[in-house]
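1. Have a look; sequence and predicted model below, questions after that.
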Amino acid sequence: MIKYLGSKRALIGWITGVVQRVHAHAPIRTVVDLFSGSARVAHALKAQGYFVHANDYATYAYVLAQALVEADRDDYPPECIQPILETLMQLPPVRGWFTETYCEQARYFRPENGARIEAIREAIETYHDPLLRAILLTSLMLAADKVDSTTGLQMAYLKQWAPRAHTPLNLQSPPLLKGAGKAHHADALELASALEADLFYLDPPYNQHSYLGNYHVWETLVRWDKPETYGVACKRVDVQQRRSPFNQRTQAHQAMAQLISVIRAPHLLVSFNNEGYLSREDLESLLCEWGYVACFERPYKRYVGALIGIHNPRGEKVGQVSHTHNREMLFLATQHKAVWEAFCGG
């Protein structure tokens with residue numbers, strides 16, 4: 001999976017373990033992940049046999065969900081995907097807009113890898129099966145993520161090339177799973193009222209950090225639209241307009257309240273941390289109006305960019321590390337008292 005701010009990589013077992021415990025008392029068949037991001041959690045839940053609806057408003061996240069949640073490995077086996085990837089790898093490099101923008105004006109990738117990314121991305125445009133196209137794009141994102149020169153965010157790039165940036169780009173088949181799922185590309189507040197499931201999983205933006213702004217290169221790579229850019233980091237201009245209410249302090253509480261009010265499911269699992277706009281007390285108050293609530297906490301190491309300090313768009317260090325860990329919280333809200341008692345020892 002790609003490097004991702006707020007990634008639940010180390011928390012997957014914790015999250016899926018809670019879902020399994022709920023399932024032991026009230027069988028779960030369908031799960032909705034409304035803010036799927038890198039699709040890591042949705043992918044793990046699909047692997048456990050649930051039918052997962054994975055949604056995100058970012059186009060790159062939708063593509064990841066198409067490949068990692070919606071695509072069925074039986075329909076797109078590795079022995080069919082790998083030859084296509086090998087053909088793409090043989091294409092001669094192409095230096096164009098992407099290379100000029102993200103490898104020369106900005107320095108996210110070395111130019112030789114940027115030109116290979118560009119050639120492969122142009123070729124992917126010729127594939128019209130939407131899920132096959134998503135699989136190929138996911139392979140390209142995963143490969144590019146391994147040779148970038150950032151701290152894990154695309155708000156800036158390193159002043160000196162990261163060692164991994166010198167590694168040649170290499171496409172591999174994504175970790176597809178057998179079975180069905182569904183990817184959605186919609187506003188979470190609009191989609192929530194249109195879906196019904198046994199459990200909703202919510203991992204919304206916590207604070208001012210915009211995922212679209214932090215991963216604008218992936219958005220451009222997927223859209224392939226040569227957008228107008230601004231600043232040293234060459235960010236897409238539209239990240240200034242496509243803002244989530246969850247990223248705004250004055251709107252986050254109302255957005256969460258509205259979202260919770262329209263969810264149709266007997267169980268709701270919310271992931272949050274202590275760096276967010278909403279406190280534990282805020283969330284417990286909102287969720288208590290919806291059902292019985294239990295909250296679990298654990299310390300968690302912050303993302304790599306926070307651990308090495310603050311850098312400006314040129315990759316120069318301009319701030320110090322304030323703290324290395326935060327508190328991750330999982331809120332289980334359920335309309336089944338017996339499930340709540342099983343977690344709380346009642």
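-> Cool, got the structure. Computed from a predicted model, the values in this text were never measured in an experiment. Numbering: from 1, shown residues only.
2. Could you verify that A123 is part of a strand?
-> No. Read with DSSP: H, G, I helix; E, B strand; the rest coil, A123 is helix and lies in no strand.
3. Show the model's pLDDT score for G6.
-> For G6, the pLDDT comes out at 67.
4. Please report how far L176 lies from A67.
-> 7 Å (CB to CB, to the nearest Å). All C-beta spots, glycine's among them, are computed from the backbone N, C-alpha and C.
5. quick one: common contacting residues for those two?
-> I135 (CB atoms under 8 Å, 6 or more residues apart in numbering).
6. quick one, which of these two is more surrounded?
-> A67 (27 against 21; other CB atoms under 10 Å).
7. Can you give me the neighbour number for the residue nearest to the more buried one when sequence neighbours are not counted?
-> Computed as CB to CB, 6 or more residues apart in numbering, the closest residue to A67 that is not its neighbour in sequence is T138, at 3.9 Å. When counting by other CB under 10 Å, one arrives at 26 neighbours for T138.
8. Hmm, T138 is touching P174, no?
-> Yes. The criterion here is CB atoms under 8 Å, and T138 meets it with P174 at 4.6 Å.
9. Mutual contacts of the two, please.
-> Residues touching both T138 and P174 by CB under 8 Å, 6+ apart: 67-68.
10. Next up, identify which helix or strand the residue lying closest to E122 once chain neighbours are set aside is on.
-> Computed as CB to CB, 6+ apart, the closest residue to E122 that is not its neighbour in sequence is V94, at 6.4 Å. Using DSSP states H and E, V94 sits within no helix or strand.
11. Provide a list of residues in contact with V94.
-> So, once contact is read as CB under 8 Å, 6+ apart, V94 ends up touching 115, 118-119, 122.
12. how much space between L85 and S173?
-> Per CB to CB, L85 is found 7 Å from S173.
13. cool, A58 as well?
-> 23 Å.
14. So for L85 and S173, which residues contact both of them?
-> With CB under 8 Å, 6+ apart, L85 and S173 have common neighbours S139.
15. just the buried members of the contacts of V94?
-> Neighbour-count burial within the contacts of V94 applies to 115, 118-119; the criterion is 16 or more other CB atoms under 10 Å.
16. As CSV, those residues with distance to K301 and pLDDT would be great.
-> CSV is the format used below for the buried ones among the contacts of V94 (distance: CB to CB, whole Å; pLDDT from 0 to 100):
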residue, distance to K301, pLDDT
A115, 36, 98
E118, 35, 98
A119, 37, 98
